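Visitor: build me a model from this:
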Amino acid sequence: MSLSQWNPTHIEFILDQTGQVELLPPIANRAAWEARARALGPERVQAIMQEAEKALAAPIPALTANLYLDFQRSGDRKSYETPYFDRRAMLIYLTIAEALENKGRFLNKCLDVAWAITEEASWCLPAHESRLADTDDPMVDLFASETAFALAEFDAILGQELDPYLSKRIRDEAEERIITPYLTRHDYPWMFNVPGTQVNNWNAVCNCSCMGAAMYLLNDNARLAEVLARGLRSLDDFLAGFGQDGGCSEGPGYWNYGFGHYVVIADLVERRTKRAIPMFDADKVRAIAQFPLRTRLADNEYASFSDCPTVVSLSPALLMLLGKRLDIPRLELMAAHEPDLGLSRKMQYALLETEWLPKSQDTAQPLVLDKHNWFGDMAWMIARLDPTDPEAMVLACKGGHNGEFHNQNDVGSFIVNVGGESLISDIGSGRYTRQYFGPERYTYWVVSSKAHSVPLPNGIAQSINEQDTVRLADKLEHDDPGKDMAAAGKLGKHVVPNPDKVNGVGYASTVLEHVEKDKEDRLTLDMTQVYNEDADLESLQRSTALLRTVPGGCVTVTDTYRFKNGAHPFENAIITLVKPELTADAVVLRGEKAALRITWQGAESVDVELHSGVQMQHGPDLDVYRIAFRAPEQQEGEIKLVVERA
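Guide: This is a model prediction of the structure:
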């Protein structure tokens, strides 16, 4: 499937042939909204009304210039982002509550909130613009485009009930800020692959939002066809970033965000064109859709490599839509097993959640996962002792390289989940600040290999080349992305023509063996090239295995190494969020339902390090324990860890 085969002339012809299609029911379509109310059920409707009533009584949060400049001055994102997203959440609850109730009591507040959003000097976040807004140089980032899309959907539902000049204002602002730049500028690196960089989740989010806004706001089919043709060509590059097996190196959280937006726009385009432009038909799309099924460790726990949180709540509506459209019943069942967290704080997802609801009876059915999942392009292996038992041992481990999207220096990292809890953890994404996405990124402990269950040969952490900052894909959140975006679009100095080790791609593992058997699943990596020359490595191999021959399961991790020039120290580590119990011959990790016992061979000392108050992007600060297994100084050796249920 090539989306770029669709040119503007062909798309315009299709749009003309299909005529007008109602993409979203306006409030006047009472049958549609009453059906959504019945599907939601009284409890969900009541929860939406309560949130809308809170928004009705609350003042519209202020967005000041000084709040905007906090990011530039201190690197803090929250002071501006919190009121920014609160405004948009208010609009979501007010809009949907009014559409469900149809009494007019939320209309005036809807008008005020929408008007306030149109008055914002910039719809971008400071983290992506880092200067006060310049109307002569509009930025199209994730949230500017999402704002245009949200206002367009709001207008489609309530526009006829409000002042007509609000609709005009929304169209004028979306045109100037989003649609014209989208069609005319070539300096947004999220849009196309260029030498030295591959687009990531930004591509799908921005394309979906720009295309979606245009589909609601543009009445000119010729111009809409131009927008869709540009977006479809760009989305080809987004899909190219996934392996044929559907692997997403950014993890399940960014799958929910990035690929989720692909699903939203694919559904809209297919409905608007009556499937004359198919966007779900490719085998690759089907493979990507099943990524969370294949990386799930337990309820809401996933393989949390890179900047992925340890606990991920996926959109049930997204899973339902995919399950129905692609005829994958397990995705529908998975949707039923996701927690009901109320409406999303993103308009496009919130509206899906009023339409694509999980079947309540499905919650009684167990979600049985695969015994073994393998992503060859990323070298991720997920092995389950017994997929029919949600509390059985699960191993997740990875190879890859240190130039991945939202990269952390975690080649060789592994997770062990038992009792539904990851007692050996990959702790996920640190607090997002300017510095976290800038030159200082790898000075953050949470990003470095010292915060992962990986070796330290000769005391050296994994590398991305310390002279460089961050690869271009991550520089989207650097301290002057406007400058970097322009440079990237013109193949300027920020694009590295030969990535290799300059941006971490060359600091890579090689898969020596991948074994999938009834009694044992194993991944063996050559990790020699993951470290720079200071490690003095001649060879380093890591073999990680799940053994089903041991009652309750057993994970083994074996590091075999040799240095080039004499004896050096060598250290392996385990990262955990539970306080370890250290005895003379074992370490015990106790969770709420199960415990692990870790023994070792080849280490002469074992120490526990406490890292207190580690700042995370999702959830509270954490106390993280690093268990260090240290071999005697020698030129070659082996450390083996054995992890069993205690």
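Visitor: please state the offset of stretch 51-65 from the chain centre?
Guide: Centroid displacement of stretch 51-65 relative to its chain, using CA atoms, centre = their mean, to the nearest Å, is 28 Å.
Visitor: how far does that stretch stretch from start to finish?
Guide: Stretch 51-65 has its terminal residues 28 Å apart, counting by CA to CA, to the nearest Å.
Visitor: pLDDT (mean, whole number) over that stretch?
Guide: Per-residue pLDDT over stretch 51-65 has a mean of 97.
Visitor: could you do stretch 246-258 as well?
Guide: pLDDT averaged over stretch 246-258 gives 92.
Visitor: buried ones in that stretch?
Guide: Residues 246-258 are the ones in stretch 246-258 that count as buried (16 or more other CB atoms under 10 Å). Just so you know, the C-beta spots here come from the backbone N, C-alpha and C atoms, and that holds for glycine as well.
Visitor: out of the residues you listed, which sit inside helices?
Guide: Of these, the ones assigned to helices by DSSP state H are 252-254.
Visitor: export only the CA atoms of stretch 245-252, formatted as PDB.
Guide: Output of stretch 245-252 as PDB, limited to C-alpha atoms (Å, rounded to 0.1, in the frame of the first residue of the first chain):
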ATOM      1  CA  ASP A 245       6.400  -6.800  12.100                       C
ATOM      2  CA  GLY A 246       4.800  -3.700  13.500                       C
ATOM      3  CA  GLY A 247       7.500  -2.800  16.000                       C
ATOM      4  CA  CYS A 248       7.400   0.800  17.500                       C
ATOM      5  CA  SER A 249      10.700   1.700  19.100                       C
ATOM      6  CA  GLU A 250       9.100   4.600  21.000                       C
ATOM      7  CA  GLY A 251       7.000   2.000  23.000                       C
ATOM      8  CA  PRO A 252       3.300   1.400  23.600                       C
END
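Visitor: which residues sit against it?
Guide: 200-201, 242, 254-255, 258-259, 284, 286-292, 294-296, 302-308, 312, 314, 374-378, 380, 400, 404-406 (CB atoms under 8 Å, 6 or more residues apart in numbering).
Visitor: among the residues you listed, which lie within strands?
Guide: Judged by DSSP state E, the subset of the contacts of stretch 245-252 located in strands is 296, 302, 374-375, 380.
Visitor: top of the residues you listed by number of neighbours, please.
Guide: Y302 (30 neighbours; other CB atoms under 10 Å).
Visitor: what sits against E226?
Guide: 8, 183.
Visitor: chain center to the helix or strand where it lies: distance?
Guide: Element membership for E226, per DSSP states H and E: helix 221-240. Remark: helix 221-240 is offset 22 Å from the chain centroid, using CA atoms, centre = their mean.
Visitor: likewise stretch 450-468?
Guide: For stretch 450-468, the distance to the chain centre is 24 Å (CA atoms, centre = their mean).
Visitor: mind listing what's buried in that stretch?
Guide: Those would be 450-458, 460-465, for stretch 450-468 by 16+ other CB under 10 Å.
Visitor: of the residues you listed, closest to V588?
Guide: Using CB to CB, S453 comes nearest to V588 of the buried residues of stretch 450-468, at 16.6 Å.
Visitor: regarding that closest one, what is its secondary structure?
Guide: coil (DSSP: H, G, I helix; E, B strand; the rest coil).
Visitor: what mean pLDDT does stretch 277-291 get?
Guide: When pLDDT is averaged along stretch 277-291, the result is 97.
Visitor: M378: neighbour count?
Guide: Neighbour count for M378, taken as other CB under 10 Å: 19.
Visitor: how near is it to F242?
Guide: 10 Å (CB to CB, to the nearest Å).
Visitor: quick revisit: now, among the ones in helices among the buried residues of stretch 246-258, which is nearest to I170?
Guide: Among these, and counting by CB to CB, the member closest to I170 is Y254, at 29.0 Å.
Visitor: show me what contacts the nearest residue to that closest one once chain neighbours are set aside?
Guide: Spatial nearest neighbour of Y254, chain neighbours left out: N201 (4.9 Å); criterion: CB to CB, 6 or more residues apart in numbering. By CB under 8 Å, 6+ apart, the contact set of N201 is 250, 254, 257-259, 261, 405.
Visitor: let me have these in CSV, extended by distance to T18.
Guide: What follows is those, written out as CSV (distance: CB to CB, whole Å):
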residue, distance to T18
E250, 35
Y254, 33
Y257, 30
G258, 28
F259, 26
H261, 23
F405, 36
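Visitor: those: which two are farthest apart?
Guide: Counting by CB to CB, the most remote pair of the contacts of N201 is H261 and F405, 15.3 Å apart.
Visitor: who's more crowded, the two?
Guide: Using other CB under 10 Å as the criterion, H261 and F405 rank with H261 on top: 31 against 21.
Visitor: scan this protein for its longest helix.
Guide: Longest helix in the chain, counting residues (DSSP H): helix 30-57.
Visitor: just the buried positions in whichever helix or strand comes after it, please.
Guide: Where DSSP H and E defines the elements, the next helix or strand beyond helix 30-57 is helix 65-74. For helix 65-74, the neighbour count (16+ other CB under 10 Å) marks 67-72 as buried.
Visitor: which of those sits closest to A55?
Guide: The nearest member of the buried residues of helix 65-74 to A55, counting by CB to CB, is L67 at 20.2 Å.
Visitor: could you measure from that closest one over to R77?
Guide: Per CB to CB, L67 is found 11 Å from R77.
Visitor: now do I598
Guide: 37 Å.
Visitor: between these two, which has more neighbouring residues?
Guide: Higher neighbour count among I598 and R77: I598, with 25 against 21, using other CB under 10 Å.
Visitor: for the more buried one, which non-adjacent residue is closest in space?
Guide: V587 (4.4 Å).
Visitor: if I look at that neighbour, how far off is I627?
Guide: 6 Å.
Visitor: so what sits against both of the two?
Guide: Here V587 and I627 have 574, 580, 598, 606, 608 as joint contacts, going by CB under 8 Å, 6+ apart.
Visitor: return the helix or strand where the fourth one lies as CSV; C-alpha atoms alone will do.
Guide: V606 belongs to strand 605-614 when assigned by DSSP H and E. These are the backbone C-alpha positions of strand 605-614, laid out as CSV (Å, rounded to 0.1, in the frame of the first residue of the first chain):
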residue,chain,number,x,y,z
SER,A,605,30.5,-8.3,45.6
VAL,A,606,26.9,-7.1,45.5
ASP,A,607,25.8,-3.7,46.5
VAL,A,608,22.5,-1.9,46.6
GLU,A,609,22.3,1.8,45.6
LEU,A,610,19.3,3.9,46.4
HIS,A,611,18.5,6.8,44.0
SER,A,612,15.8,8.9,45.8
GLY,A,613,13.3,11.2,44.3
VAL,A,614,13.9,10.4,40.6
